[in-house]
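>>> here is my input; please provide its structure:
(2 chains)
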Amino acid sequence: MNMYDAITETIRTILTERNDPVPDLEPGTSIANSGLDSLDVAALVVRLEQRLGIDPFQDGALARFPRTLGELANLYEQHNQRG
Amino acid sequence: MNWQIFMSSTTNVGDVIGSITRSHVKVIAGGCEFSAEELAASTESLDPSGVGAVAICVPDGALTVTATLWAWHAEVDTVLLHAESSPSEAQSLAHRFGCSHLLTGNQESRRLRFSLTACEREIKARKSENQRITLLTSGTTGEAKPVTHNWEDLARSVSRRPELEHARWMSLYPLTRFAGFNTLLHAVWNRATLIVPRAVHPRAILQDIRETGATHASGTPTLWRNLLMAVPSGQDTLRSLRQITLGGEVVDQQILNALKFAAPEARLTHIYATTELGVCVAVSDGLAGFPASWLDNEEKRPQLQVRGDELWVKHLHGSGSGADADCDGWATAGDLVEVKDGRVYFKGRRGEILNIGGAKVLPAVIEERIGEVPGVVGARVKGLRNPISGAVVGAEVVGRSGTNEQTLRATILQHCRTCLPSYAVPRIITFVDSLPTSASGKILREANKTTNE
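Predicted coordinates:
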């Protein structure tokens, strides 16, 4: 599964678990408009780490925090390729 | 030179055995019943002369009672080690606490066997005026600490009433923990019966309650929740209980109500006690927390005070030597409280505070809210570490059997969103069959590294 799909699927799970509406999720959708608050984003990172075994934020040396779902997926892809 | 004095100050074997026999305590352990005579007989080979201080390390049950009674009547200072200590650990602890002897033992069906070995150190047969017993803290907050009590103070703290001779006391704590030891003392000093469950497993405990007709039982809220879960539907296994005591963890209204329902004739008492401070608060009105009128009340023993968000305690006697008391004798174990509507509620320990993106919250506060949702049997809340917020709230939930997890998760989230601030609402809920507990029956909490005070 590619990282973008893993991310959007996890966001959908978070929102449906608590009966919140799921907005249209596109690569260009900003994280702020994905239906998640800042702690949900933290929880998303925890869930992705549990699911994929990687956490690109762990490095602590991000040049720029990703703003869209596409950028977030890229970050995970890059981290995954570096192993 | 001092041999004569030394000899004359030493209790002899017969005295000790006679004293144990006169205690009339009965022990039911592993399904076997032992009379005081049988317990005493098993110590016939133990010679107390020359014993300065003894460390006891025996499997939990009849052996613990016998060894403790033996040491008490032999008038030697005692260190009660946890049963799970390995032989080499027991040796080194005995040495560390200055014991001249180590008492070990084993049980083969009805036979109790003891072995008293001298430690490799100078023998100092010493009869202190106040005979002492040392227990170790449960060590949930780091290395186990020794806490020493005077037998005299302990004797004063146990209520003795003639009708209690018929009581059948069950300890759901290991007897070497302060709470379990306290149960042992109640049974011994009331010449009653002490019941030690054959295994610390809900079904085994329920079987023992049923078979022995236990009347008094004492355990953590977590253990009581696990017992309530294991009672087969339609059965009233807990009906023989007349006194239920809860302690060791925050006691909420949910568990009190559930126990009242399962054991309608039992008086419910929840106590706040620590190994260091002893019993500080005991409440039997069926409500969580304790009356705020107990605070700053000079009549109250021990005295209680809230400083900031912490409960402080002052004992009149020097009991609780393990606590770091200030110059006026006030001490705290770091337990956090909230005063609300004339009641003081326990919230948890300072070390348990979770830091969620800078906001502080106690796991027990969230667990109580989750427990309010119908279908939830128990919950454990922990901080899930992450580089973005430090931690987010995660909850492990035990649901009643046959519950739809998806529906229950949505209901929990909905309930938490109405009664908790957003940061305290669990972001990840997983369902588990049971919650991990310590040897004392407390919920296991991971060391909390995300808190930045």
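>>> for the host helix or strand of residue B:37, C-alpha coordinates in CSV please.
Using DSSP states H and E, residue B:37 sits within helix B:36-41. Listed next in CSV are the C-alpha coordinates belonging to helix B:36-41 (Å, rounded to 0.1, in the frame of the first residue of the first chain):
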residue,chain,number,x,y,z
ALA,B,36,-3.0,-22.9,65.0
GLU,B,37,-1.7,-26.2,66.5
GLU,B,38,-0.7,-27.4,63.0
LEU,B,39,1.0,-24.1,62.2
ALA,B,40,2.9,-24.2,65.5
ALA,B,41,4.0,-27.8,65.0
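>>> tell me, how many residues neighbour residue B:204?
Neighbour count for residue B:204, taken as other C-beta atoms under 10 Å in any protein chain shown: 15. C-betas here are computed from N, CA, C, even on glycine.
>>> surely it touches residue B:197?
Yes. Assessed by C-beta atoms under 8 Å, residue B:204 is found in contact with residue B:197 at 5.8 Å.
>>> please enumerate the strands of the stretch 301-450 of chain B.
B:303-307, B:310-314, B:330-331, B:335-340, B:343-349, B:354-356, B:359-361, B:376-386, B:390-399, B:428-431 (DSSP state E, counting those that start in this stretch).
>>> the last one close to chain A?
Yes. Under the criterion of C-beta under 8 Å from any C-beta of the partner chain, chain A is reached by strand B:428-431 at B:428-429.
>>> now do residue B:289, the pLDDT please.
Residue B:289 is assigned a predicted lDDT (pLDDT) of 96.
>>> quick one, what contacts it?
B:283, B:343-346 (C-beta atoms under 8 Å, 6 or more residues apart in numbering or on different chains).
>>> hmm, 7 Å instead?
With C-beta atoms under 7 Å, 6 or more residues apart in numbering or on different chains as the criterion, the residues that contact residue B:289 are B:343-346.
>>> distance to chain A added to the residues you listed, as CSV?
Converted to CSV, the contacts of residue B:289 look like this (distance: C-beta to the nearest C-beta, whole Å):
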residue, distance to chain A
B:343, 31
B:344, 31
B:345, 26
B:346, 27
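>>> any chance of JSON lines for those residues, columns neighbour count and pLDDT?
As requested, the contacts of residue B:289 are arranged in JSON lines below (neighbours: other C-beta atoms under 10 Å in any protein chain shown; pLDDT from 0 to 100):
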{"residue": "B:343", "neighbour count": "16", "pLDDT": "97"}
{"residue": "B:344", "neighbour count": "21", "pLDDT": "97"}
{"residue": "B:345", "neighbour count": "21", "pLDDT": "96"}
{"residue": "B:346", "neighbour count": "22", "pLDDT": "95"}
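>>> near chain B, which residues of chain A?
Neighbours of chain B within chain A, by C-beta under 7 Å from any C-beta of the partner chain: A:17-19, A:38-43, A:45-47, A:57-58, A:60.
>>> just the buried members of those residues?
A:17-18, A:39-43, A:45-47, A:57 (16 or more other C-beta atoms under 10 Å in any protein chain shown).
>>> farthest pair in those?
Greatest spacing in these, by C-beta to C-beta: A:18 and A:57 (23.6 Å).
>>> give the residue farthest from the middle of chain A.
No residue in chain A sits farther from the centre than residue A:19, which is 19.3 Å out by C-alpha atoms, centre = their mean.
>>> excluding chain neighbours, what is closest to residue A:40?
Spatial nearest neighbour of residue A:40, excluding adjacent residues (C-beta to C-beta, 6 or more residues apart in numbering or on different chains): residue A:14 at 5.9 Å.
>>> looks to me like the one you found is in a strand.
No. Counting by DSSP: H, G, I helix; E, B strand; the rest coil, residue A:14 falls outside a strand, being helix.
>>> check it and give its pLDDT.
Reported pLDDT for residue A:14: 96.
>>> pull the number of nearby residues for it.
21.
>>> who are the contact partners of it?
A:36, A:40, A:43-44.
>>> now swap in residue B:389 and tell me
Contacts of residue B:389 by C-beta under 7 Å, 6+ apart are A:38-39, A:42, B:356-357.
>>> again, 10 Å this time
Shown in contact with residue B:389 (C-beta atoms under 10 Å, 6 or more residues apart in numbering or on different chains): A:38-43, A:45-46, B:355-359, B:383, B:423, B:427, B:450.
>>> among those, name the ones in helices.
A:38-43, A:45-46 (DSSP state H).
>>> export stretch B:263-278 to PDB, keeping only CA atoms.
Presented in PDB, the C-alpha positions along stretch B:263-278 are these (Å, rounded to 0.1, in the frame of the first residue of the first chain):
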ATOM      1  CA  ALA B 263     -23.000  -7.900  47.800                       C
ATOM      2  CA  PRO B 264     -25.900  -6.000  49.200                       C
ATOM      3  CA  GLU B 265     -25.200  -7.000  52.800                       C
ATOM      4  CA  ALA B 266     -21.600  -5.900  52.800                       C
ATOM      5  CA  ARG B 267     -20.300  -2.700  54.400                       C
ATOM      6  CA  LEU B 268     -18.100  -1.000  51.800                       C
ATOM      7  CA  THR B 269     -15.000   0.700  53.100                       C
ATOM      8  CA  HIS B 270     -12.400   2.400  51.000                       C
ATOM      9  CA  ILE B 271      -9.100   3.300  52.500                       C
ATOM     10  CA  TYR B 272      -6.200   5.500  51.600                       C
ATOM     11  CA  ALA B 273      -3.100   4.000  53.000                       C
ATOM     12  CA  THR B 274       0.500   3.900  52.000                       C
ATOM     13  CA  THR B 275       3.300   1.600  53.300                       C
ATOM     14  CA  GLU B 276       5.100   4.800  54.500                       C
ATOM     15  CA  LEU B 277       2.100   6.600  56.100                       C
ATOM     16  CA  GLY B 278       0.000   3.700  57.200                       C
END
